[in-house]
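Colleague: Got a predicted structure here, sequence first:
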Amino acid sequence: MKLLVLEDDNFICEQIKTYFELNDHIVDLFHDGETLLDEAILEHYDIFLFDINTPKKNGIETLEFIRKSGIKTPAIFLTAMSDMEFVKKGYAVGCNDYVRKPFNLEEVELRVMQLTLKSTEKIVQISSNYQFNLSKMQLLFQEDEVKLNQKEKDILYILLKNKGETVEPYIIKDYVWDELNVCDNTLRTQIKKLRGKLKENFITNIRNSGYIIK
């Protein structure tokens, strides 16, 4: 799972990053909303954790911009008691939950898991023979698991999170290889190997656009 965190307190940032990465999640940190909107690839995150009071563009303004862009990724506000009036505004622009500071990281994780499981189907039916379990990261063929490596699972996950939509190569590469400088040939080779393990080719290459699972 990938978390996008907007928080200007370095200590809180490191707490969140350390905790979630120890549980095999990926955390990207930003300290102001303006930089986040300029640099983050918003489409491939599973959850947004936003502080309300951040420089340049605050959490509410940042989420409002994201929602107007059509991105429905679940969002949790991290907020102090004095921010409660802003929390009401946060719900108005599209937040899903909030956690009061100081917070317990286990509570944050529980809220994150609850929202991410609600926001996606646990089992995605790909065809009459194939289905993918999003929470267990398992591809099943007629109820038998297909053995895949982690990158192959990640490719299927990001494509199925956007099922029916073409996903551009740079989004897939950034999600699967996590900021490594990966060329398009590497992605094509990885998808070719993945297709070699499938009895049906349900991954479609849209010329000059990306990949889609319909």
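Modeller: Looks like it arrived, so ask away.
Colleague: Look up the closest residue to the residue most central in space within the chain, ignoring the ones flanking it.
Modeller: The chain has Tyr45 as the residue nearest its centroid, 1.9 Å off, counting by CA atoms, centre = their mean. Among residues not flanking Tyr45 along the chain, Leu4 sits closest, at 4.3 Å (CB to CB, 6 or more residues apart in numbering). Bear in mind the C-beta positions are built from the backbone N, C-alpha and C, glycine included.
Colleague: Centre of the chain to the stretch of helix or strand that neighbour belongs to, how far?
Modeller: Element membership for Leu4, per DSSP states H and E: strand 2-6. Computed by CA atoms, centre = their mean, to the nearest Å, the chain-centroid distance of strand 2-6 equals 8 Å.
Colleague: What of stretch 189-201?
Modeller: Put simply, stretch 189-201 sits 24 Å off its chain's centre (CA atoms, centre = their mean).
Colleague: Just the buried residues of that stretch, please?
Modeller: 190-191, 194, 198 (16 or more other CB atoms under 10 Å).
Colleague: Just the mean pLDDT for it, thanks.
Modeller: For stretch 189-201, mean pLDDT is 93.
Colleague: Scan this structure for its longest helix.
Modeller: The longest helix of the chain (DSSP state H) is helix 105-119.
Colleague: tell me what the helix or strand hosting Tyr98 is packed against?
Modeller: Here Tyr98 is covered by strand 97-100, with elements defined by DSSP H and E. Packing partners of strand 97-100 (3 or more CB pairs under 8 Å, 6 or more residues apart in numbering; DSSP states H and E): strand 75-79, helix 105-119.
Colleague: Isn't the residue nearest to Tyr45 up against Leu49?
Modeller: Yes. The criterion here is CB atoms under 8 Å, and Leu4 meets it with Leu49 at 7.2 Å.
Colleague: After the helix or strand containing Ile172, which helix or strand is next?
Modeller: Element membership of Ile172, judged by DSSP H and E, is helix 169-177. For helix 169-177, the following helix or strand on the C-terminal side (DSSP H and E) is helix 184-196.
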